[in-house]
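Q: With the sequence up front, the predicted model follows.
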Amino acid sequence: MKTRPGICQRKRRFATREEAEAVALRTDTALRAYKCALCRQFHLTSRTKGLRPPRALENGTIIRKP
């Protein structure tokens, strides 16, 4: 996902994906975290267009690329 500079400046930044996802879980809206190519931190988005669902392991944990 490409974030424009103006959008990046207005969005809240999180140092880690875990911190961003913890905030996302507390909202009523379905949000997901992504790493911004501009600031190298994490933002939240509600966009899902073109998003592949995460692969799950047998024990229910999610596999993520680092």
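A: Ah, there it is. Because the structure is a prediction, the values reported are computed rather than measured.
Q: ok, and for the lengthiest helix in the chain, which residues are buried?
A: What stands out as the longest helix in the chain, according to DSSP state H, is helix 17-25. When neighbours are counted by 16 or more other CB atoms under 10 Å, the buried residues of helix 17-25 are found to be 17, 20, 24. C-beta here means a position set from N, CA and C on the backbone, and glycine is covered the same way.
Q: And for stretch 24-43?
A: In stretch 24-43, residues buried by neighbour count (16+ other CB under 10 Å) are 24, 31-33, 36, 41-43.
Q: now stretch 5-16
A: So, applying 16+ other CB under 10 Å, buried residues of stretch 5-16: 11, 14.
Q: re the thing from before, continuing past the longest helix of the chain, what's the next helix or strand?
A: If you walk from helix 17-25 toward the C-terminus, the next helix or strand you reach (DSSP states H and E) is strand 32-35.
Q: Quick check: neighbours of that following strand in the sheet, parallel or antiparallel?
A: strand 42-45 (antiparallel) (DSSP bridges).
Q: quick check, distance from the partner strand to the centre of its chain.
A: Between the centre of strand 42-45 and the centre of its chain there are 4 Å (CA atoms, centre = their mean, to the nearest Å).
Q: pLDDT averaged over it - what is it?
A: Taken as a whole, strand 42-45 carries a mean pLDDT of 94.
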